[in-house]
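1. Model the following, please.
(one chain, ligands or ions: 1)
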Amino acid sequence: MNSARKKAAENMAITDVIIEVVDARLPQASSNPMIEELRKFRQRPCLKLLNKADIADPAATKAWLAHYNNVPGMKAVAVSFKRQADMAKVVGWCQAMAPGRGSPDKQLRMMIMGIPNVGKSTLMNGLLRRRVAAVGDEPAVTKSVQRIEINNSNVVLDTPGLMWPKIEFPSDGYMLAASHAIGTNAVVEDEVAYFLGNLLLKRYPAMIASRYGFDINGLDGVGLVEKIATKRAWRKKGGALDIEKAAMALLKDYRTGVTGNISLETPQSREEMIAAAKVAVPVQDDTSPETSHDRAADDK
Ligand code: G4P
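-> Reported below is the predicted structural model:
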């Protein structure tokens, strides 16, 4: 059994409520399947926090909340850890999910889980109202498990960003890379930018036209990146378009929310993506717990 998974299973045994932080712009792609599997096995309730809702598409977030709030044992809330007020509500939500817990005799034990870069450290810092963990945009900044008392009634456990090695759908890999949950050296940025460009042109054409100030008709992801470079006169020595710079600009605008409120997936788009993938490649049933155990790994 993989060590990260083993550690997570052990920690879950001494936890009352799992706090899973996901990126509201790609809630399912940014959810490690191991977390749901383990918490179901341990029968632990899960507070699913769709963080970065401030830069996600509100309509998509609403659809995801309806979807997750139908899952037994799960409460989903859209939040932004840029707002202290949102973080201040988290313990109360957890207390409501674990009646009888939250006193000095019976401390409420919460565990923060999630993949890299979704905001776990920011939440930890916010809960404690002091800086306890490195907060950074590079995946895998959070290295070790921390158990910290918020007060004598509430304890929180912060776990390392958990990534799994075999991402089932290629589009999930691209979405994770676009959102910086997968490190910059793990994938070719240009290809990620082309993927993002295609997706944004399809789902948010008006936003893209307004952000970059040119006609986007007939463009695909490659064309979009090229046109950004052309419009901004970004050229390398010798005169060729600086595609890498334009690709980075498109990614950065999305990552920081400058482009607008964007979500990369909705429950419906995900259903369609999975259906299309099944038609394209008949997949073997490798969803047994044993197989999933083997797949789980940490991000280091
Ligand atoms: P992690 O522990 O899960 O790896 O994530 P971490 O807290 O380090 O957060 C990753 C990045 O996401 C940080 O950006 C953080 O500020 C940002 N972030 C966290 N929550 C939110 C949110 O609700 N909305 C938005 N828009 N961003 C959020 P950074 O650029 O590395 O740091 P900073 O300069 O923003 O502090």
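2. Beyond the helix or strand Leu200 falls within, next helix or strand please.
-> Using DSSP states H and E, Leu200 sits in helix 189-203. Downstream of helix 189-203, the next assigned helix or strand under DSSP H and E is helix 205-212.
3. Please name every helix or strand in contact with that following helix.
-> helix 189-203, helix 221-231 (3 or more Cβ pairs under 8 Å, 6 or more residues apart in numbering; DSSP states H and E). To be clear about C-beta, it is placed using only N, CA and C from the backbone, and glycine gets the same treatment.
4. what about Arg255, which SS state?
-> helix (DSSP: H, G, I helix; E, B strand; the rest coil).
5. Show the backbone phi and psi for the closest residue to it other than its chain neighbours.
-> Spatial nearest neighbour of Arg255, excluding adjacent residues (Cβ to Cβ, 6 or more residues apart in numbering): His180 at 5.7 Å. Backbone torsions for His180, taken as degrees, to the nearest 10, come to phi 70, psi 30.
6. What number of neighbouring residues does His180 come out with?
-> 19 (other Cβ atoms under 10 Å).
7. same thing with Met273?
-> Around Met273 there are 17 residues (other Cβ under 10 Å).
8. Hmm, Pro170 and it touching each other?
-> No. Applying Cβ atoms under 8 Å, one finds Met273 not in contact with Pro170, separated by 9.9 Å.
9. Just send the helices and strands packed on helix 205-212 back as CSV, with distance to the ligand and mean pLDDT too.
-> Below are the helices and strands packed on helix 205-212 laid out as CSV (distance: least, Cβ to the nearest ligand atom, whole Å; pLDDT from 0 to 100):
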stretch, distance to the ligand, mean pLDDT
helix 189-203, 17, 96
helix 221-231, 22, 98
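10. With mean neighbour count added, can I get those in CSV?
-> Shown next, in CSV, are the helices and strands packed on helix 205-212 (neighbours: other Cβ atoms under 10 Å):
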stretch, mean neighbour count
helix 189-203, 20
helix 221-231, 19
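11. Is it possible to get a markdown table of those that adds distance to Gly100?
-> Putting those into a markdown table (distance: least, Cβ to Cβ, whole Å) gives the following:
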| stretch | distance to Gly100 |
| --- | --- |
| helix 189-203 | 45 |
| helix 221-231 | 52 |
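12. Out of those helices, which gets nearest to Ile112?
-> helix 189-203 (27.1 Å; Cβ to Cβ).
13. can you give me the angle the closest one makes with helix 221-231?
-> With axes from the mean of the first three to the mean of the last three Cα atoms, to 10 degrees as the basis, helix 189-203 and helix 221-231 are set at 100 degrees to each other.
14. Please, where are all the helices along the stretch 151-300 of the chain?
-> Taking DSSP state H, counting those that start in this stretch as the criterion, the stretch 151-300 of the chain carries its helices at 170-178, 189-203, 205-212, 221-231, 243-256, 267-280, 289-295.
15. Remind me what the second one packs against, helices and strands.
-> When you say that, I think you mean helix 189-203. helix 170-178, helix 205-212, helix 221-231, helix 243-256.
16. what's the most buried one of the ones you listed?
-> helix 170-178 (a mean of 21; mean count of other Cβ atoms under 10 Å).
17. ok, residues contacting that helix?
-> 26, 29-30, 115, 167, 182, 186-187, 189, 191-193, 195-196, 251, 254-255, 264-265, 273 (Cβ atoms under 8 Å, 6 or more residues apart in numbering).
18. Run through the chain and note the low-pLDDT ranges.
-> Residue ranges of the chain with pLDDT under 70: 1-2, 130-145, 160, 165, 183-187, 281-300.
19. Now with 90, please.
-> By pLDDT under 90, the low-scoring segments of the chain are 1-13, 34, 36-42, 116, 121, 125, 128-149, 157-168, 181-189, 277-300.
20. Give me the domain ranges for it.
-> 2-158, 170-280 (automatic domain parsing).
21. Pick the most buried one from those domains.
-> Per stretch, and counting mean count of other Cβ under 10 Å, the top mean among the domains of the chain goes to domain 2-158, which has a mean of 19.
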